[in-house]
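Asks: Structure for the following, please:
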Amino acid sequence: MRFGYFANQNNRHNEKPYGQVLDETIDLARYIDQNDWWSIWFTEHHFGHEGFEVCPNPVMMSTWAAAHTRKLRIGQAANIITYWNPIRFAEDLAILDHMSGGRVECGMGRGIYGREAVNLNKVADTRNPEQNFKLFRDSLEVIRRAWTGEYFEFDGEMMTIPEPGVLWDHAMSPKDESFMDLDTKEIQKLALVPRPLQQPTPPLWQVVDSPLSIQFAAENDLNCMMWIPPVDALKPRFELYRDKRSEAQGKDVPLGKGVALVRDMFVAETMEEAERLASEGIMEYLRWVCHWRGLGNHRHLGEELPETAGKLDLLSYEWLHPRNLLFGTPDYVAEKIEELQSELNLEALLVWSHFPGVSHDAAMRSVKLFTEEVMPRFADGDVNLQAAE
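Replies: Residues are numbered from 1 along each chain as shown. As a prediction, this is how the structure comes out:
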């Protein structure tokens, strides 16, 4: 099994100088790089004055981490490509791939927070999910074409590249019908410089939630990343991805191939110590996230949640822990991971312990216990192999 770290950076109430957030991130990255973890992943969120999710640019954060590590693969969970110019994004990730020696794992998403989308790209407004999806689909195709062809073009619903009617006529630029009309001098294709070191592309991931997103990822040759549901509710999601990817590729794809799972993790010497040190941190974070998401994804398969006066009234540590938290002793956490392997054939697990209000020292103690007492039980060869083909 491959283990990655979901470096979801928090700075609750802006308690720390941002430089300290960076220093702690690099301390974490260096440790897991030196201890044979597979990967580290950074998030993209904006305008987070509340102190949750304080990384607005996972590409820059990935560059910082790549500069301080040697083997660790560097991912984003996720780049919200609906906020980006897709050509600029393709350029930045290609440069990062060269800077890191070919260690990029490119995760992409559509965005969830309304105040981000409408203020970064009105076309990505999450209140118009159909338009947001079309923008995501077109952006993904532009990025792929830019990375894989000597020259590229795209004419979609949301964008046309290159812009029609632009002429190019320079004595130092050879005239070539590969990218221009030799008679009119109109540019017909563009070239991305550089293209990624990993060819044809770095491993591509989509953060998914709904069945439609899972199906889109499978049918478009994207690895996918899931987070919240209990094991029994994850299984049909894994099976849907397997079935749709098998159909798309015309061959059998094993269950679990191409899927990574994020789990909230805190390892301590006792169950009580894990709860004491980290329960309030994860609950505070989930109260933030579930304000938008609700509790539906936390349900067991077929479970109906009781009606309550408030949307999050059921949310407690006691309610949540048996559903999806890897909180407890090394033995308990390992047992839960064994269940994920047994039921889902899970190949890639991303965990994190840096919850709001949890000190860096306490989080690193959890990471070290996980490294020393949990990971060795799942050793299966070279952890630095790329994700699913």
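
Asks: Every contact and neighbour count from this point should use C-alpha atoms.
Replies: Will do.

Asks: quick check: longest helix of this structure.
Replies: helix 271-293 (DSSP state H).

Asks: Which elements pack onto it?
Replies: Here helix 271-293 touches strand 259-267, strand 326-328, going by 3 or more CA pairs under 8 Å, 6 or more residues apart in numbering; DSSP states H and E.

Asks: Distance from the longest one to the middle of the chain?
Replies: If I follow you right, that is strand 259-267. Offset of strand 259-267 from its chain centre (CA atoms, centre = their mean, to the nearest Å): 12 Å.

Asks: Likewise for the shortest one?
Replies: Put simply, strand 326-328 sits 22 Å off its chain's centre (CA atoms, centre = their mean).

Asks: hmm, who's touching it?
Replies: 263-275, 321, 332-333, 336 (CA atoms under 8 Å, 6 or more residues apart in numbering).

Asks: Quick one, which of those are buried?
Replies: 263, 264, 265, 266, 267, 268, 273, 274, 275, 332, 333, 336 (16 or more other CA atoms under 10 Å).

Asks: quick one: which two of these are the most distant?
Replies: 263 and 273 (18.8 Å; CA to CA).

Asks: Could you look up the SS state of the closest residue to residue 194 other than its chain neighbours?
Replies: In space, and not counting its chain neighbours, residue 194 is closest to residue 94: 6.3 Å by CA to CA, 6 or more residues apart in numbering. Classification of residue 94 using DSSP: H, G, I helix; E, B strand; the rest coil returns helix.

Asks: From residue 219, how far out is residue 94?
Replies: 24 Å (CA to CA, to the nearest Å).

Asks: just to revisit the earlier point, nearest to residue 210 among the buried ones among the contacts of strand 326-328?
Replies: For the buried ones among the contacts of strand 326-328, the minimum distance to residue 210 (CA to CA) is 17.7 Å, reached by residue 263.

Asks: Kindly tell me how buried residue 170 is, as a neighbour count.
Replies: 9 (other CA atoms under 10 Å).

Asks: before we move on, what about residue 19?
Replies: 9.

Asks: swap in residue 34?
Replies: Residues near residue 34, counting by other CA under 10 Å: 12.

Asks: And it, what's its pLDDT?
Replies: Note on residue 34: pLDDT of 98.

Asks: likewise residue 385?
Replies: So, for residue 385, pLDDT stands at 37.

Asks: ranges for the strands of the protein?
Replies: 2-7, 39-42, 73-76, 79-80, 104-109, 154-155, 160-161, 204-207, 223-226, 259-267, 326-328, 348-352 (DSSP state E).
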